[in-house]
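Peer 1: Would you be able to build a 3D model of this:
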Amino acid sequence: MPLVIPDDILRAANMNEQQAKIEIACRLFDAGKLTLGHAARMAELSDEAFENELHVRGIPRYRYTDDMLAEDVQTLKRLGRW
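Peer 2: Numbering: from 1, shown residues only. Take a look at the predicted model:
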């Protein structure tokens, strides 16, 4: 199902259709709504080009969560390095 953004809205945002697709895809990725692959596809970019767009916007490619930290701490303890 296509999403239609009226031309006057794009003009008000000072964007063209491609720029809007990239912006929306970046924001959906940042919100955890799309994977990198799906977001890149939505933006009609390669994964590498999409990652560059994330970088330009200061959006991290990977999120290091509290759960990941806890798992890493447990691994270090198990290995006797903590």
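Peer 1: For this protein, which residue occupies the most central location?
Peer 2: Centroid-nearest residue in the chain, with CA atoms, centre = their mean: Phe29, separated by 3.1 Å.
Peer 1: backbone phi and psi for that residue, please?
Peer 2: Dihedral angles of Phe29 (phi, psi; degrees, to the nearest 10) stand at phi -60, psi -50.
Peer 1: helix or strand for Lys77, which one?
Peer 2: helix 66-78 (DSSP states H and E).
Peer 1: Now do the buried residues in that helix.
Peer 2: Residues of helix 66-78 classed as buried: none (neighbour count, 16 or more other CB atoms under 10 Å). Every C-beta, even on glycine, is put in place using the N, C-alpha and C of the backbone.
Peer 1: measure stretch 26-41 end to end?
Peer 2: 11 Å (CA to CA, to the nearest Å).
Peer 1: Could you list the residues in contact with it?
Peer 2: Taking contacts as CB atoms under 8 Å, 6 or more residues apart in numbering, the residues outside stretch 26-41 that touch it are 25, 42-43, 46-47, 49-51, 53-54, 57, 59, 61.
Peer 1: Now that stretch: average pLDDT?
Peer 2: What stretch 26-41 shows for mean pLDDT is 97.
Peer 1: Quick check: buried residues in that stretch?
Peer 2: Across stretch 26-41, burial judged by 16+ other CB under 10 Å covers Cys26, Leu28, Phe29, Asp30, Leu34, Ala39, Ala40.
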